[in-house]
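**Q** this is the structure alone, sequence omitted:
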């Protein structure tokens, strides 16, 4: 098979622990994945990225601004599958903890929300776009990710079952 899975890795509001774990997995699977995966977009891997015509967009983090929402919608449009990576992307938490602040704390941080043009609420990906699969955990569950990644390579005809 000569086909490669066209992948993008993206991160929004979170601590990026799943991205770090992903890099560790790259260390372990580099030789295998190099033959099977075209990392078209991944700021942690390269400077020039192509975010169009993706088979899979892996998205870590919650959505905390209109700018992020717009970008997420663009990623959804440009990918056949979109996967929520980690707790923030799946549930919004812990990034969305400011949604639970009382009136006093909300007022206290309002200047930051305004300065950084943040949305009133932080939301998980599924509140904005269709999510095809998710990998829970903070950081993501490594075993769940590896199984899903393998299943996606099979689904897209990159690897035999």
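**A** Done, it's in. Only a predicted model underlies this, so the values are computations on that prediction, with no experimental measurement involved.
**Q** mind listing the helices for this structure?
**A** All helices of the chain, identified by DSSP state H, fall at 17-36, 66-77, 86-91, 103-115, 142-155.
**Q** now the angle between helix 17-36 and the last one, please.
**A** Translated: helix 142-155. 30 degrees (axes from the mean of the first three to the mean of the last three C-alpha atoms, to 10 degrees).
**Q** who's sitting farthest from the centroid in the chain?
**A** When each C-alpha in the chain is compared with the mean C-alpha position (C-alpha atoms, centre = their mean), residue 104 comes out farthest, at 32.0 Å.
**Q** rewinding a little: can I get the helices of the chain in CSV with mean pLDDT?
**A** As requested, these are exported to CSV (pLDDT from 0 to 100):
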stretch, mean pLDDT
helix 17-36, 93
helix 66-77, 97
helix 86-91, 96
helix 103-115, 96
helix 142-155, 97
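**Q** out of the ones you listed, the one nearest residue 50 is which?
**A** Ranking the helices of the chain by proximity to residue 50 (C-beta to C-beta) places helix 66-77 first, at 12.3 Å. C-beta here means a position set from N, CA and C on the backbone, and glycine is covered the same way.
**Q** the closest one: how far from the chain's middle?
**A** 12 Å (C-alpha atoms, centre = their mean, to the nearest Å).
**Q** hmm, who's touching it?
**A** Identification of contacts with helix 66-77 by C-beta atoms under 8 Å, 6 or more residues apart in numbering yields 8, 10, 12-13, 51, 54, 57, 59, 63, 82, 117, 119, 125, 128-130.
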